[in-house]
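Chemist: quick one: sequence and predicted model below, then my questions.
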Amino acid sequence: MLTQMSEQRRGRGSSTFLHIRCSRCLHVVDWTALARVLFLVAGAAALQAAEPAKKVDKSPKTDSTYESDPGKYVAEPSRNQEERVRKPARPSERSFLENLNAAGLKSVMAEMPEGTWHEFVMMPLRDGVKLATDIFLPASGDGPWPTVLLRTQYSRWDSRGFRSMGDEPCVLVLQNVRGKYGSEGAGTFDSLSFDSDINDGHDTLDWIAKQKWSNGKVGMWGPSGHGIAPSNAMWSLNPHLTVIDVNVTGDNAYLHWTFSNGARRFLYSWLSQRGLETGKGEWPRPTTRPFDDKAYYNFIKKKAPEVKTYYRMKAGWFDLFSEAALDHFAVLAPGGRAFAQVGPGGHGKIGGDLEFKARNRLSAEAMKSSRGLKECLAGEPQDAGSCLAYYLMGDTKDPAAPGNVWMTTDRWPVEHTPTSYYMQLDGSLTLQVATEEEACLSYDYDPEDPVPSLGGNYDVSDPKRLQIGPLDQRPLKDRKDILRFATAPLAEPVGITGKVWVELHVSSDAPDTMFTAKLVDVYPDGYEAVIRESAMLARYHRGLAQPARLKNGEIYKLAMDCWSTALVFNKGHRIAVHISSSSDPAYEVHPNTYEQVPSIAEAKVARNTVHMSADHSSKLILPVVAKETYTGVDR
């Protein structure tokens, strides 16, 4: 009876052998003669064993998917898409998967220590779905060992987490999530949500802990898409999840990845990685999805005190998912096991003319809270408490300007004063409320001529274009569909740290439309650096869970969450806010209709109005921090 199949390397440049251990003896076979055949057969068998999509369980559930007990499987029906029945793989598809796995295994084995053993299993979940799982065991010793786990919707052949362990022996487990790269379960989860990774992560951790080679300590890791599974597994409260080490990622598909105040983000098309049939420019539009954001925040707030997992996260102010790190740290910090670092970067290298250079370094004391895989799995992590290290941006053209320093805190948000800057009819931005009884500015928003996106955090950086970051907004200065408001040159620096809000009082002759807002730092030489950008569908004026049609002539208040930042506007700079109704491709171009329309030909031109009277004052709300909190930090 076959009880173990392993691949062992004898050294670089030497032959590789396949070890087949039976109940009575160990056979050694030349890898080059047999391994490819065996892996092709194994891959084909795995695919043939894949179950067809299960029918959605329509039994009553709790009001919020976040209230589900991790110990019970919750079927998650797909929304906004038809239930698809999995079709048998065509020969060409099987060949692609088999070839991918063979090449992936070879590349991972080349990175592993000499003598590493490999096993492949289809790991069962509580609902019977089986996941493609590869296990890499140390060459010698009986264990038990800690485990480094990667669960992903991308190809699982990535050994970087293993490298973090250095010379410490451990088991590496690589697994694909439901419906990806040989794992079963396509169509058994909601493609618009990452919630399935809570229960599935819990099951995987339990399975690992039951293996003879496991010492019960598991660390999960991953950047970007790799980081979704560990970020969600943390909320399962599984006792075996010792640490997660992630960066530039988020756990909530709606809030951190695909929507901004109900407006579809450019990244929505990434959900094709989760099985959603989508593209970057498809119709019909608008894409809408009501969402109970309060349920999510209540969920993580409730779970956080019970989380015993060490949390390490790195993000950037211009990254796609920056707010996730802050949302997590805010609730996890009291537990003393959270470390987050937010720098001035993005999802890749940022563009623009500003180069942020820190004038200080993080202290050794602060870095004690940065506990990663090796510290937590191979030893006892330091009892250093929680720490958020964030980069306070500043004027990059004035060496004497305040800011451009690393700051630390053990809580989020930091102490600040919400300060309102009111939009005025003359385009100014002041600390005084408007006095006019009636004051407004209008523009025509034409979906066939959208404002082009220029910087911000909407995309993964393209090295050839560097299209994200604090780019100059002056190329858009002649557009008539952007309202610009700016303060007078500042007499003193203004430092902000925390969440930025834009509160608009709007009206429109369309039943639904979109509004966008940019926070801009205007330099004395005219450079207009975008710091934050956000958007919101007007239909959500009552909240993300309560969409409602607009009535012509009525005024509605929109509270637009622009996420967080940390910046000192230097003396002589101007604080500006730009309001419009499009930013393409950062946000889906809205056709100015309430119901979906099949093409741009049915889109309408909307007359959109921003009000700024005494009774309907539109404003920018900044989290202003005391000057003494950041002056002298670099000394």
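Modeler: Yes, it's here. Residues are numbered from 1 along each chain as shown.
Chemist: mind listing what's buried along stretch 204-220?
Modeler: 204-205, 207-209, 211, 213-215, 217-220 (16 or more other CB atoms under 10 Å). (Each C-beta comes from the backbone N, C-alpha and C, glycine too.)
Chemist: quick one: which of the residues you listed is nearest to Ser260?
Modeler: Ser260 lies nearest to Met220 out of the buried residues of stretch 204-220, by CB to CB, at 27.4 Å.
Chemist: if we ignore the residues flanking it in sequence, what's nearest the closest one?
Modeler: Residue nearest to Met220 in three dimensions, not counting chain neighbours: Pro230, with 3.4 Å by CB to CB, 6 or more residues apart in numbering.
Chemist: contact partners for that neighbour?
Modeler: The contact partners of Pro230, taken as CB atoms under 8 Å, 6 or more residues apart in numbering, are Leu149, Arg151, Gly201, Met220, Trp221, Gly222, Ile244, Asp245, Val246.
Chemist: if you set the cut-off to 7 Å instead, what comes out?
Modeler: Contact analysis of Pro230 by CB atoms under 7 Å, 6 or more residues apart in numbering lists Met220, Trp221, Gly222, Ile244, Val246.
Chemist: tell me how far the helix or strand where it lies lies from the chain's centre.
Modeler: Using DSSP states H and E, Pro230 maps to helix 228-233. Distance, stretch centre to chain centre, for helix 228-233: 11 Å (CA atoms, centre = their mean, to the nearest Å).
Chemist: alpha carbons of that helix, in CSV - could you do that?
Modeler: Output of helix 228-233 as CSV, limited to C-alpha atoms (Å, rounded to 0.1, in the frame of the first residue of the first chain):
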residue,chain,number,x,y,z
ILE,A,228,-6.6,37.6,1.7
ALA,A,229,-6.7,34.1,3.2
PRO,A,230,-4.5,34.8,6.3
SER,A,231,-6.3,38.1,7.0
ASN,A,232,-9.6,36.2,7.1
ALA,A,233,-8.4,33.1,8.8
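Chemist: after that helix, which helix or strand is next?
Modeler: That would be, after helix 228-233 and using DSSP H and E, strand 241-247.
Chemist: please identify the buried residues of that next one?
Modeler: So strand 241-247, judged by 16+ other CB under 10 Å, has buried residues Leu241, Thr242, Val243, Ile244, Asp245, Val246, Asn247.
Chemist: that older thread, and the buried residues of stretch 204-220, which two are furthest apart?
Modeler: Trp213 and Met220 (17.4 Å).
Chemist: so Asp449 versus Ile482, what's the distance?
Modeler: Per CB to CB, to the nearest Å, Asp449 is found 12 Å from Ile482.
Chemist: whoops, Val568 was the one
Modeler: Distance from Val568 to Ile482, by CB to CB: 26 Å.
Chemist: check which helix or strand the closest residue in space to His616 that isn't next to it in sequence maps to.
Modeler: Of all residues not flanking His616 in the chain, His505 sits nearest, at 3.8 Å (CB to CB, 6+ apart). Using DSSP H and E, His505 sits within strand 494-508.
Chemist: what about the nearest residue to Leu237 once chain neighbours are set aside, distance to Asp245?
Modeler: Nearest non-adjacent residue to Leu237, counting by CB to CB, 6+ apart: Glu306, 5.3 Å away. For Glu306, the distance to Asp245 (CB to CB) stands at 20 Å.
Chemist: likewise Asn592?
Modeler: Taken as CB to CB, the span from Asn592 to Asp245 is 45 Å.
Chemist: do the same with Gly345
Modeler: 18 Å.
Chemist: rewinding a little: now do the helix or strand following the strand holding His505: which elements does it pack against?
Modeler: Helices and strands here follow DSSP H and E; after strand 494-508, the next one along the chain is strand 514-522. Packing contacts for strand 514-522, counted by 3 or more CB pairs under 7 Å, 6 or more residues apart in numbering; DSSP states H and E, involve strand 494-508, strand 528-537, strand 556-569, strand 574-580.
Chemist: which of Val568 and Ile482 has more residues huddled nearby?
Modeler: Between Val568 and Ile482, Val568 has the larger neighbour count (other CB atoms under 10 Å), namely 25 against 19.
Chemist: tell me, what's the model's pLDDT at the closest residue to the more buried one other than its chain neighbours?
Modeler: Leaving aside its sequence neighbours, Val568 sits nearest to Gly403 (CB to CB, 6+ apart; 3.5 Å). On pLDDT, Gly403 comes in at 97.
Chemist: for Gly403, give me its contacts.
Modeler: Contacts of Gly403 (CB under 7 Å, 6+ apart): Leu392, Met393, Gly394, Asp395, Leu567, Val568, Tyr630.
Chemist: just flag the most distant two among those.
Modeler: Asp395 and Tyr630 (12.9 Å).
Chemist: who's more crowded, these two?
Modeler: Counted by other CB under 10 Å, Asp395 and Tyr630 do not tie: Asp395 has more neighbours, with 24 against 20.
Chemist: isn't the residue nearest to His616 right up against Lys557?
Modeler: Yes. Counting by CB atoms under 7 Å, His505 sits close enough to Lys557 to count as a contact (5.5 Å).
Chemist: give me the more crowded residue out of those two.
Modeler: Between His505 and Lys557, counting by other CB under 10 Å, His505 is the more crowded of the two (20 against 13).
Chemist: partners of the more buried one in the sheet?
Modeler: His505 has these beta-bridge partners by DSSP bridges: Lys557, His611.
Chemist: for it, which residues are in contact?
Modeler: Ile555, Lys557, His611, His616, Ser618.
Chemist: what does Phe259 give?
Modeler: Arg265, Arg289.
Chemist: can you give me the distance of it to Arg312?
Modeler: 27 Å.
Chemist: repeat for Val342
Modeler: From Val342 to Arg312 the distance is 13 Å (CB to CB).
Chemist: check Asp158 too.
Modeler: Applying CB to CB to Asp158 and Arg312 gives a distance of 18 Å.
Chemist: again, but for Gly216
Modeler: 20 Å.
Chemist: which outside residues touch the host helix or strand of Thr408?
Modeler: Under the criterion of DSSP H and E, Thr408 resides in strand 405-409. Strand 405-409 is contacted by residues 358-362, 366, 387-392, 630, 633-634 when judged by CB under 7 Å, 6+ apart.
Chemist: filter those down to the ones in strands?
Modeler: Using DSSP state E, Cys387, Leu388, Ala389, Tyr390, Tyr391, Leu392 are the members of these that sit in strands.
Chemist: ok, so of these, who is nearest Gly495?
Modeler: Out of the ones in strands among the contacts of strand 405-409, the member with the shortest distance to Gly495 (by CB to CB) is Leu392, at 7.2 Å.
Chemist: got the contact list for the closest one?
Modeler: Leu392 neighbours (CB under 7 Å, 6+ apart): Gly403, Val405, Met407, Thr497, Ala566, Val568, Tyr630.
Chemist: where is pLDDT lowest across those?
Modeler: Tyr630 (94).
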